[in-house]
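1. Need a 3D model of the following:
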Amino acid sequence: AFNKDTLMAWGDYGLVPSILYSIDGGSSYTLVYHDRYDPWSFKSGITDMVFPQNNNIGYAVEADRILKTTNKGLTWSVIRLDVNRYFSALEAIDNNNVFAFSSDYSSSKIFKTSNGGASWEEMNKPAGEIGYAYFLTTAKGWMIVRNDNQQDLVYYTSNGGTNWTQKNDGEASSFYSWKFRFVNDSTGYALSGLFRVYKTTDSGKVWQPLPRSNNYEYLGYSHNDFHFLNANQFWAGGGHGFLEISTNGGGTPLPTAYFKIDTVGMAA
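-> As a prediction, this is how the structure comes out:
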C-alpha cells in the first residue's frame, strides 16, 4: 500500500501525457511517464487515474490509450489502444473490474473489463453524450447523458448496463454533472454549476444543492473533483485552489422546486 510520502501528479507537458512520481511527500518528483501515441498529434494529457484497492495496481487514461501499472505507478504499460476515443474518466470496483469512458461528443462510449484489463467490452448505454458514469457494484450503476434535445438525463442500471432506467424528468428536472458518486443505493453527490455540490436521496431522481458556509466564486471556475473518506466526511476542490470539506454528509439540502407547466386542454 502507499505511504504518506508517496505522491503522483498527472496531466501533460505540452499536451504530451505525463505522470510524475514522488517518494518524499512532494519535495521532489521524477517524470516516470511522458509519451503519446501519435508524435505529430497533440490532443490531451492524462485525464484520470485510479488505484482501486490502494495497492500496486493502477490505471490511467489519455486520448488514445488505457494504461496500467503493477508497481505503484513507477512504470506504465498500454493495455488498450483506441485512437481518438478521447477517454475522460475511470471508475473501478476493484483491481479487476474497471470502467473507462469518453465524454467527447463524437466518440462518447463506455467500456469495462472484468479481468484487470486483459480484455475490454463496449457496454450498452443510453443515447446521448456521457457526462459521467459511476458504478457502486459491477451490477449497479448510474450515468448522466445529454441527449439531442439538450436534456440532461440520469439513468440507472441494476444489471451491469444491459438495461438502463431513466430516473429524472428531462423537462422538469434536467440535471448535468461532470463528476458524481453514490455512497449507497439511494444517496449520491454530484458536482454541478459554479462551486456547487448537489445531493440526491432517491437514487438520482431529484438533485438539490447543499448549503455552503461561503459564497466564494472566481471567474467561471468550479469544483473539479471530490474525495470521500466515508459517507459523512468528504472534500470538494477545484479552480483557483479552492477546497471545501463536509463532516455531516453535506448537511441538509436546500429545498428546490422542479416543475413543468401542464398545457393539456389549452388552445394552441
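
2. Contacts only, for the most centrally placed residue in the chain.
-> Nearest to the geometric centre of the chain sits K179, at 4.3 Å (C-alpha atoms, centre = their mean). Residues in contact with K179 (C-beta atoms under 8 Å, 6 or more residues apart in numbering) are 89, 132, 190-191, 223-226. (Glycine included, C-beta is placed from N, CA and C.)

3. which residues of the stretch 151-268 of the chain score low on pLDDT?
-> 267-268 (pLDDT under 70).

4. shouldn't G237 be in contact with S222?
-> No - applying C-beta atoms under 8 Å as the test, G237 and S222 come out as separate, 10.5 Å apart.

5. Where do the strands of the stretch 151-268 of the chain begin and end?
-> In the stretch 151-268 of the chain, the segments counted as strands under DSSP state E, counting those that start in this stretch are 152-157, 165-166, 179-182, 188-192, 196-200, 208-209, 223-228, 234-238, 242-246.

6. quick one, which of those strands is nearest to E217?
-> Set against E217 and scored by C-beta to C-beta, the strands of the stretch 151-268 of the chain come closest in strand 242-246, at 9.2 Å.

7. got a list of contacts for that closest one?
-> By C-beta under 8 Å, 6+ apart, the residues outside strand 242-246 that reach it are 195, 197, 210, 212, 214, 216, 218, 221, 223, 232-237.

8. Show me which pair in these is furthest apart.
-> Using C-beta to C-beta, the pair of the contacts of strand 242-246 lying farthest apart is Y218 and N232, separated by 27.7 Å.

9. Might you report the residue contacts of the residue nearest to S114 when sequence neighbours are not counted?
-> Taking C-beta to C-beta, 6 or more residues apart in numbering, and ignoring the residues beside it in sequence, S114 has N97 as its nearest neighbour in space, at 5.4 Å. By C-beta under 8 Å, 6+ apart, the residues touching N97 are 112-114, 138.

10. what residues are up against F101?
-> 87-89, 108-111, 130, 133.

11. that older thread, pipe the strands of the stretch 151-268 of the chain into CSV and attach distance to V78 per row.
-> Putting these into CSV (distance: least, C-beta to C-beta, whole Å) gives the following:
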stretch, distance to V78
strand 152-157, 29
strand 165-166, 35
strand 179-182, 25
strand 188-192, 30
strand 196-200, 35
strand 208-209, 41
strand 223-228, 25
strand 234-238, 30
strand 242-246, 33
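
12. Can you check which of these gets nearest to S77?
-> Across those, the minimum distance to S77, taken as C-beta to C-beta, is reached by strand 223-228, at 25.3 Å.

13. pull the CA atoms of stretch 168-182 into PDB?
-> Output for stretch 168-182, consisting of C-alpha atoms alone and laid out as PDB, is shown next (Å, rounded to 0.1, in the frame of the first residue of the first chain):
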ATOM      1  CA  ASN A 168     -35.400  12.100 -13.800                       C
ATOM      2  CA  ASP A 169     -37.700  14.100 -15.900                       C
ATOM      3  CA  GLY A 170     -35.900  15.700 -18.900                       C
ATOM      4  CA  GLU A 171     -38.100  18.800 -18.800                       C
ATOM      5  CA  ALA A 172     -38.800  19.400 -15.100                       C
ATOM      6  CA  SER A 173     -35.500  18.200 -13.500                       C
ATOM      7  CA  SER A 174     -32.800  18.100 -16.200                       C
ATOM      8  CA  PHE A 175     -29.500  17.600 -14.300                       C
ATOM      9  CA  TYR A 176     -25.900  17.600 -15.600                       C
ATOM     10  CA  SER A 177     -22.700  16.700 -13.700                       C
ATOM     11  CA  TRP A 178     -19.200  16.000 -14.800                       C
ATOM     12  CA  LYS A 179     -18.400  14.100 -11.600                       C
ATOM     13  CA  PHE A 180     -20.700  12.300  -9.200                       C
ATOM     14  CA  ARG A 181     -20.700   9.200  -6.900                       C
ATOM     15  CA  PHE A 182     -23.100   7.200  -4.800                       C
END
